[in-house]
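> With the input below, show me the fold.
(one chain, ligands or ions: 2)
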Amino acid sequence: MTMSPDVNTTVCFPKGPPDINIVIVGDSYVGKTSLLKTFVTHEYSKKYEGPSLERYFEDITVDGQDFHLILWEPIALESYDKMREFIYGKAECIVVCYAVNDLESFQRVSTFWCPEIQKYCQDTPILLAALKADLRDQNFKCISRSQGKDLKCILNASGFVECSSFLGIGLKDVFVKAIQCVLKEEKCKVA
Ligand SMILES: Nc1nc2c(ncn2[C@@H]2O[C@H](COP(=O)(O)OP(=O)(O)O)[C@@H](O)[C@H]2O)c(=O)[nH]1
Ligand SMILES: [Mg+2]
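Residues are numbered from 1 along each chain as shown. Ligands and ions are numbered 1, 2, ... in the order given. Modelled structure (predicted):
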């Protein structure tokens, strides 16, 4: 006997929390991969693995609402701009990073990263993030918190955060603030 297919069957998938795509950029070696890995695995590693495309997933609750984070780190080398253009296309918030002990990475937020974002996705909200904040205690030449806040205003970024993957401080706050930037942007679009 052959069974006839049941044409009336509908398959229902359980609906999970909404996806939020966050893209993290900034010069090589500022600590982007460490931020993502330490946030997701709760383990910090000193090892530097060089530039590579990274993607991580994490569930998070913000203001009582659940979200499924998709975290992208495209390759930071200038010649990979086509890859970044593709990934920027997915971004609902872009986290632009510098390291507090690296003046050049701070300057390149204004001279390279924000102009590139302006070119490919000018309406996407930007969160400015100061990484390796633990190094400020050891080096008086570091970029101060107020310099970071001033840059946030100059760039008209949606927010500013500081964190240290090494100390595990401020990591969740980066992604909470990034989601809040996305929600604020959505509210503005509706209003
Ligand atoms: N002191 C300190 N070093 C860090 C921190 N985050 C990353 N690093 C180190 O900086 C180097 C580059 O980090 P990585 O995350 O690979 O940078 P990326 O190129 O921006 O992804 C690695 O050797 C890390 O161990 C931090 O919060 N504090
Ligand atoms: Mg990296």
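> Does the one helix or strand residue 96 maps to reach ligand 1?
With secondary structure defined by DSSP states H and E, residue 96 is part of strand 93-99. No - figure legend: strand 93-99 not in contact with ligand 1 (CB under 6 Å from any ligand atom); closest approach 6.9 Å. For the C-beta atoms, the positions are set from N, CA and C on the backbone; glycine is no exception.
> Which secondary structure elements does that strand sit against?
strand 19-26, helix 103-108, helix 114-121, strand 126-131, helix 171-190 (3 or more CB pairs under 8 Å, 6 or more residues apart in numbering; DSSP states H and E).
> so what does the second one touch, helix or strand wise?
Using 3+ CB pairs under 8 Å, 6+ apart as the contact criterion, the neighbours of helix 103-108 among helices and strands are strand 93-99.
> Can you list the low-confidence ranges for this protein?
Across the chain, the ranges flagged by pLDDT under 70 are 1-8, 14, 191.
> got the residues of it near ligand 2?
32-33 (CB under 5 Å from the ion).
> which bits of the chain sit near ligand 1?
Counting by CB under 6 Å from any ligand atom, the chain sits next to ligand 1 at 28-34, 46, 48, 131-132, 134-135, 164-166.
> The same query, at a cut-off of 8 Å, please.
Residues of the chain lying near ligand 1 by CB under 8 Å from any ligand atom: 26-38, 44-51, 54, 73, 76, 97, 99, 101, 131-135, 163-167.
> show me what contacts the closest residue to residue 90 other than its chain neighbours?
Excluding its sequence neighbours, the residue lying closest to residue 90 (CB to CB, 6 or more residues apart in numbering) is residue 21, at 4.5 Å. Applying CB atoms under 8 Å, 6 or more residues apart in numbering to residue 21 gives the contacts 70, 72, 90-92.
> at 10 Å what do you get?
Neighbouring residues of residue 21 by CB atoms under 10 Å, 6 or more residues apart in numbering: 55, 68-72, 87, 89-94, 182.
> ditto for residue 84
Residues near residue 84 by CB under 10 Å, 6+ apart: 23, 25, 53, 72, 74-78, 91, 113, 116-117, 120-121.
> I'd like to know which of these is nearest to residue 151.
residue 113 (11.4 Å; CB to CB).
> Pairing-wise in the sheet, spell out the partners of the closest residue to the closest one other than its chain neighbours.
Leaving aside its sequence neighbours, residue 113 sits nearest to residue 96 (CB to CB, 6+ apart; 5.0 Å). Counting by DSSP bridges, residue 96 is bridged to residue 25, residue 128.
> same question, residue 56
residue 71.
> for the one 10 residues further on, same thing?
Per DSSP bridges, the residues bridged to residue 66 are residue 61.
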